[in-house]
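Asks: Okay, predicted coordinates and the sequence, questions at the end:
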Amino acid sequence: MLVTMDVGNTNTVLGVFRGSELVANWRLTTARDQTVDEYGILTRNLFSLAGLDAAQVGGIIISSVVPPLNSTLAEMAERYFRHEALFVEPGVRTGMPILYDSPQDVGADRIVNAVAAYEKYGGPCIVVDFGTAITFDAISGRGEYIGGTIVPGLGIASEALFSRAARLQRVEIKDPGMVIGTSTRTSIQAGLFYGYLDLMDGLLMRMKAELGPKTRVVATGGQARLLAGSSKQVEAIDEFLTLEGLRLIWERNRAAPAERRTPAASRKAKT
């Protein structure tokens with residue numbers, strides 16, 4: 001079995017593959033202060049509840065945008081699963097050319113999404129990932145990562161609104177069924193839902209104008225179904241796109257040289 005971990009600023013998504021089949025998955029809060037043992041015990045307990053044998057794990061691959069957690073997760077992998085984790089970082093074989101001005105600046109999750117999207121949907125294509133930030137990533141018809149757009153996520157926008165406006169209460173983010181709200185609650189919901197829906201579709205229209213009319217659009221991430229289901233531009237919602245990308249990158253690195261090191265291994269080499 002293969003363990004895949006996508007560590008985001010807000011949530012961590014954990015998946016277990018048996019071959020190409022995703023047999024279990026969990027969405028957890030990213031806890032920056034948890035110890036190696038806390039992460040290890042939590043993960044082993046999840047395996048137990050799902051009826052999975054941790055001893056059958058044959059590898060672990062991690063994409064992370066929270067660098068302070070990397071060494072903790074690397075040690076957790078070795079201590080609790082007896083495997084050295086493969087981190088998606090410069091030097092890892094992805095099979096996708098990165099055309100960003102500084103390739104090392106691209107978040108690991110964005111590359112992983114791009115790899116999976118091109119494999120599953122072809123190119124040109126765009127991936128919209130709803131996380132702490134909403135990222136729009138463009139992949140060419142030749143399978144090259146071109147670049148993209150980043151905007152604040154719905155959670156960031158709503159928290160900023162509530163924290164700066166004393167009389168505005170927190171509301172559930174959803175489609176209120178009307179653009180012109182008839183209460184403070186529905187007015188906020190309309191602004192967030194339709195404002196972000198039009199922001200998303202507007203950016204996608206502009207990106208498709210540059211990439212070409214045959215560009216496909218796929219959405220993923222925790223809030224993908226909330227907005228993408230009402231979009232005129234999104235063609236597919238793929239909840240586990242990032243986990244699939246991690247599996248693909250793992251497969252592409254199985255026969256690769258073993259000189260790459262995880263953060264934990266790099267520290268050991270220096271001591």
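Replies: Looks like it arrived, so ask away.

Asks: alpha carbons only for contacts and neighbour counts from here, please
Replies: Fine.

Asks: Show me the shaky parts of the chain.
Replies: The model of the chain has pLDDT under 70 over residues 255-271.

Asks: ok, and for the lengthiest helix in it, which residues are buried?
Replies: Looking across the chain with DSSP state H, the single longest helix is helix 184-211. By neighbour count on 16 or more other CA atoms under 10 Å, the buried set for helix 184-211 is 185-194, 196-197, 200-201, 204, 207-208, 211.

Asks: Over to stretch 68-81?
Replies: For stretch 68-81, using 16+ other CA under 10 Å, the buried residues are L69, N70, S71, T72, L73, A74, E75, M76, A77, Y80, F81.

Asks: Could you verify my assumption that the first one touches V36?
Replies: No. Under the criterion of CA atoms under 8 Å, L69 makes no contact with V36, lying 9.6 Å away.

Asks: V65: neighbouring residues, count only.
Replies: Neighbourhood size, V65 [other CA atoms under 10 Å]: 16.

Asks: Now do M207 against I134, distance only.
Replies: From M207 across to I134, the span is 15 Å (CA to CA, to the nearest Å).

Asks: Over to A108?
Replies: A108 is 14 Å from I134, by CA to CA.

Asks: between the buried residues of stretch 68-81, which is nearest S163?
Replies: Nearest to S163, judged by CA to CA, of those is L69 at 28.0 Å.

Asks: So for stretch 173-184, what gets flagged as buried?
Replies: I173, D175, P176, V179.

Asks: Where does the residue with the largest distance to the centre of the chain fall, secondary structure wise?
Replies: Distance to the chain centre peaks in the chain at T182, reaching 35.8 Å (criterion: CA atoms, centre = their mean). If you go by DSSP states H and E, T182 is not part of any helix or strand.

Asks: and it, what is it in contact with?
Replies: Going by CA atoms under 8 Å, 6 or more residues apart in numbering, T182 touches no other residue.

Asks: Ok, F81 next?
Replies: By CA under 8 Å, 6+ apart, the neighbours of F81 are A54, A55, V57.

Asks: quick revisit: redo the buried residues of stretch 68-81 as a markdown table? Include distance to I41 and secondary structure.
Replies: Shown next, in a markdown table, are the buried residues of stretch 68-81 (distance: CA to CA, whole Å; DSSP: H, G, I helix; E, B strand; the rest coil):
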| residue | distance to I41 | secondary structure |
| --- | --- | --- |
| L69 | 16 | helix |
| N70 | 17 | helix |
| S71 | 17 | helix |
| T72 | 13 | helix |
| L73 | 12 | helix |
| A74 | 14 | helix |
| E75 | 13 | helix |
| M76 | 9 | helix |
| A77 | 11 | helix |
| Y80 | 8 | helix |
| F81 | 11 | helix |
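
Asks: Would you write out the ChimeraX command that picks the buried residues out of the contacts of F81?
Replies: In ChimeraX, selecting the buried portion of the contacts of F81, with burial taken from 16+ other CA under 10 Å, looks like this:
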select :54,57
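
Asks: now the contacts of F81 in TSV, with secondary structure and distance to V65?
Replies: Formatted as TSV, the contacts of F81 follow (DSSP: H, G, I helix; E, B strand; the rest coil; distance: CA to CA, whole Å):
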residue	secondary structure	distance to V65
A54	helix	25
A55	helix	28
V57	coil	24
